[in-house]
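Asks: Predicted model follows, preceded by the sequence.
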Amino acid sequence: MKSAHLPVMFLTILLTAPRALAQDAKIITTTDEASTVPGMAVISDYYGPLPPDKPDGRSISQMPGWPVLMGGDPLFAPTRGLVFADLNGDGYLDIITSSTDGRVYAWDHTGTAIPGFPVTTIELPQYAPSVDDLDGDGDMEIVQFTRGTTVGGRLYIIDHEGNVLPGFPVNVNNNNLASCPTLYDLDDDGIMEIIVGERAWPLGYLHIFEIDGSEWGGNWPVALDHVPTGTAAVGDVDDDGAVEIFYMSYDSMYLLELDGTALAGWPRQIANANFSYQSAALADLDGDGDLEIVVGAHRSAAGCYVFHHDGTTFPGWPRLVGGWTYCPPTVTDLEGDGELEILDGRAGASGDPGSAAFWAWTASGVIKPGFPYIPTHGYGGGSNGPLTVADVNGDGLMEIFADNNLKESATGMGWLFGVDAFGNDLPGFPLRPLGFTYMNGATIGDVDGDGDYELGVLSYHDAGVNVNLYDLPNAYSPTGRDWKVYHARNRRGGLYDPCFGDLDGDRDIDLADLAQLLANYGTTSGAVYEDGDLDYDGDVDLSDLAALLAVYGTTCS
């Protein structure tokens, strides 16, 4: 067990922080994926200054009916946030998540439980569910992993009415399942497969399951050299017309063909670094038609790394962050200038001078002006959850949202950061939900269809887990540069594809794309984005038509 004691080392730093400062807060971390019991919450005293509390004095309210309280396990906090999707087909987005009280939840935008929910599971659903229309029938399915303390996990598919599908839950050798499911139609049969990491301590396996509970054979499952980590990324990495799967064990990175064999140059490792919770992003950073792989790593070489599809290092990388990180990287185009940026964060600790929460770099590894984001005067905790981005105020620039690993002792309130493309706090931010937002981060979407975005975030506290839903104040602008939920989409996959409105994949937004959108007009989306659901609200409607017409006639580079 190479790094099982690293969390203990981290706690030692916390507990030996200068006592001259008053104890203002609690700080949370989690046991590493190499630990015998991973994902366990560890809460300690924090000594030092705290992040700001709405520097401009403005306040952003929660939606009527929110927050909603879920139960939780005192040792295991839910992670990776929540999902917005139209589960009941009423044209509005519903709020779907799970908690370590052993339940999968769904509410409409008023905070009313969807009939059939919550659904009770065998063992704990610690990581967020993935949601999409798996079989193309117009109804959404929820795919959820669970975990026991060390074993006992299950794979669930739950329909939109809260019924567990026949053949589920699946018992994968009674082992726990890592992170969130990735859903993708790998074999082009119109039905999505589920990519599953099995934790078979001290090793692991990567599986592919069908919607009927059967499993791919041949070279599947693929054996890993350590326990699995993160969520699988899927994309045509080498530009050969077929998708590949990128996945990590604690020690190694794997780039796999659909037959389970590794591409040349893989698997590979990073000296003095391991992988734990980060989950990779895929993007064409240099515009050459293939995809680069963006990876977070921790231990003594903690930082953000970028690789070509052949395993060679991308110029300008890595960028080390000088501290512990479980943050999955995000790719976006902050200014809409066609030049991509990479975002990544790290944990913060008491007595850690100049504690940056997260960075924004150019594709060539240059730090963007205004970054890294430092919440307050040299301290203030870090960001290890998904860094989500969207144009929430319609100014054409991306806004960035990030979690925090601190909770104020006096009030019990945590922090959720929101900054503009230049690192400035947004009006009304940081938000102050009850409890830690650690390793969750924000989910963005227009849940009530009123033309402004809402922001959902989970917060973990002594009484359970709050599901918070904030009503953001400005009209938004949907773009292909958005990364509004953990791992880019509700079905995950980690792929950044900026060709907004290109529904037929020819890199031109033209009559063919308009015809495809009109052919699906008035329907509930089964495959978000590809069939015309450009604003990710679950329906192909007037807002999608307006968004496509706004970019009509353009060509993607």
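Replies: Done, it's in. Numbering: from 1, shown residues only.

Asks: Share the number of residues neighbouring Arg58, please.
Replies: Arg58: 11 surrounding residues under other Cβ atoms under 10 Å. From N, CA and C alone the C-beta is placed, and that goes for glycine too.

Asks: what do you get for the one 4 residues further on?
Replies: The local packing count at Gln62 equals 19, with neighbours defined by other Cβ under 10 Å.

Asks: In this structure it contacts Leu472, no?
Replies: No. In this structure, Gln62 is not within contact of Leu472 by Cβ atoms under 8 Å, at 11.0 Å.

Asks: For Val514, what are phi and psi?
Replies: Quick fix: residue 514 reads Leu, not Val. Backbone torsions of Leu514, given as degrees, to the nearest 10, read phi -60, psi -40.

Asks: got a list of what it touches?
Replies: Leu514 is in contact with 548-549, 552, counting by Cβ atoms under 8 Å, 6 or more residues apart in numbering.

Asks: now do 7 Å
Replies: 548, 552 (Cβ atoms under 7 Å, 6 or more residues apart in numbering).

Asks: What is the neighbour count of the residue nearest to Gly370 when sequence neighbours are not counted?
Replies: Once flanking residues are discounted, Gly370 sits nearest to Gly423: 2.8 Å by Cβ to Cβ, 6 or more residues apart in numbering. Around Gly423 sit 17 other residues, with neighbours defined as other Cβ under 10 Å.

Asks: Average pLDDT for stretch 179-193, rounded please.
Replies: Averaged across stretch 179-193, pLDDT comes to 95.

Asks: Now tell me what touches that stretch from outside.
Replies: Defining contact as Cβ under 7 Å, 6+ apart, one finds that stretch 179-193 is touched by 80, 127-128, 130, 132, 134-136, 143, 145, 194-197, 208-211, 230-232, 234, 243, 258, 279, 486-487, 491-493.

Asks: So which of these belong to strands?
Replies: 130, 132, 143, 145, 194-197, 208-209, 230-232, 234 (DSSP state E).

Asks: looking at this, Ile342 is in a helix?
Replies: No. Secondary structure of Ile342 (DSSP: H, G, I helix; E, B strand; the rest coil): strand, not part of a helix.

Asks: can you pull the contacts of it?
Replies: Neighbouring residues of Ile342 by Cβ under 7 Å, 6+ apart: 294, 304, 329, 331, 361, 363.

Asks: and His226, what is it in contact with?
Replies: By Cβ under 7 Å, 6+ apart, His226 lies in contact with 202-204, 249-251.

Asks: cool, Gly72 as well?
Replies: By Cβ under 7 Å, 6+ apart, Gly72 lies in contact with 78, 99-101, 460, 464-465.

Asks: how near is it to Gly116?
Replies: Distance, Gly72 to Gly116, using Cβ to Cβ, to the nearest Å: 22 Å.

Asks: same check, this time on Ile293
Replies: Per Cβ to Cβ, Ile293 is found 39 Å from Gly116.

Asks: Please apply the same query to Asn176.
Replies: Shown here: Asn176 relative to Gly116, a distance of 26 Å by Cβ to Cβ.

Asks: Comparing those two, which shows the higher neighbour count?
Replies: More neighbours surround Asn176 than the other of Asn176 and Gly116, with 27 against 15 (other Cβ under 10 Å).

Asks: If you go by neighbour count, which of the contacts of His226 are buried?
Replies: Buried by 16 or more other Cβ atoms under 10 Å: 204, 249-251, out of those.

Asks: buried residues in the longest strand anywhere in the chain?
Replies: For the chain, the strand with the greatest residue count under DSSP E is strand 464-475. Neighbour counts over strand 464-475 (16+ other Cβ under 10 Å) mark 464-472, 474 as buried.

Asks: Stretch 31-50 now?
Replies: 31-35, 38-41, 43-44, 46-50.

Asks: and the residue nearest to Phe371 when sequence neighbours are not counted, what pLDDT?
Replies: Nearest residue to Phe371, sequence neighbours excluded (Cβ to Cβ, 6+ apart): Ala360, at 4.4 Å. In this model, Ala360 is scored at 98, pLDDT.

Asks: And for the helix or strand where Ala546 lies, what's in contact with it?
Replies: Using DSSP states H and E, Ala546 maps to helix 542-551. Helix 542-551 is touched from outside by 478, 500-501, 509, 513-514, 517, 532-535, with contacts defined as Cβ under 7 Å, 6+ apart.

Asks: okay if I get those as JSON lines plus distance to Asp86, pLDDT and secondary structure?
Replies: As requested, these are exported to JSON lines (distance: Cβ to Cβ, whole Å; pLDDT from 0 to 100; DSSP: H, G, I helix; E, B strand; the rest coil):
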{"residue": "Pro478", "distance to Asp86": "16", "pLDDT": "81", "secondary structure": "coil"}
{"residue": "Phe500", "distance to Asp86": "21", "pLDDT": "74", "secondary structure": "coil"}
{"residue": "Gly501", "distance to Asp86": "21", "pLDDT": "82", "secondary structure": "coil"}
{"residue": "Ile509", "distance to Asp86": "25", "pLDDT": "85", "secondary structure": "coil"}
{"residue": "Asp513", "distance to Asp86": "22", "pLDDT": "89", "secondary structure": "helix"}
{"residue": "Leu514", "distance to Asp86": "23", "pLDDT": "92", "secondary structure": "helix"}
{"residue": "Leu517", "distance to Asp86": "17", "pLDDT": "91", "secondary structure": "helix"}
{"residue": "Gly532", "distance to Asp86": "14", "pLDDT": "86", "secondary structure": "coil"}
{"residue": "Asp533", "distance to Asp86": "10", "pLDDT": "84", "secondary structure": "coil"}
{"residue": "Leu534", "distance to Asp86": "15", "pLDDT": "81", "secondary structure": "coil"}
{"residue": "Asp535", "distance to Asp86": "12", "pLDDT": "73", "secondary structure": "coil"}
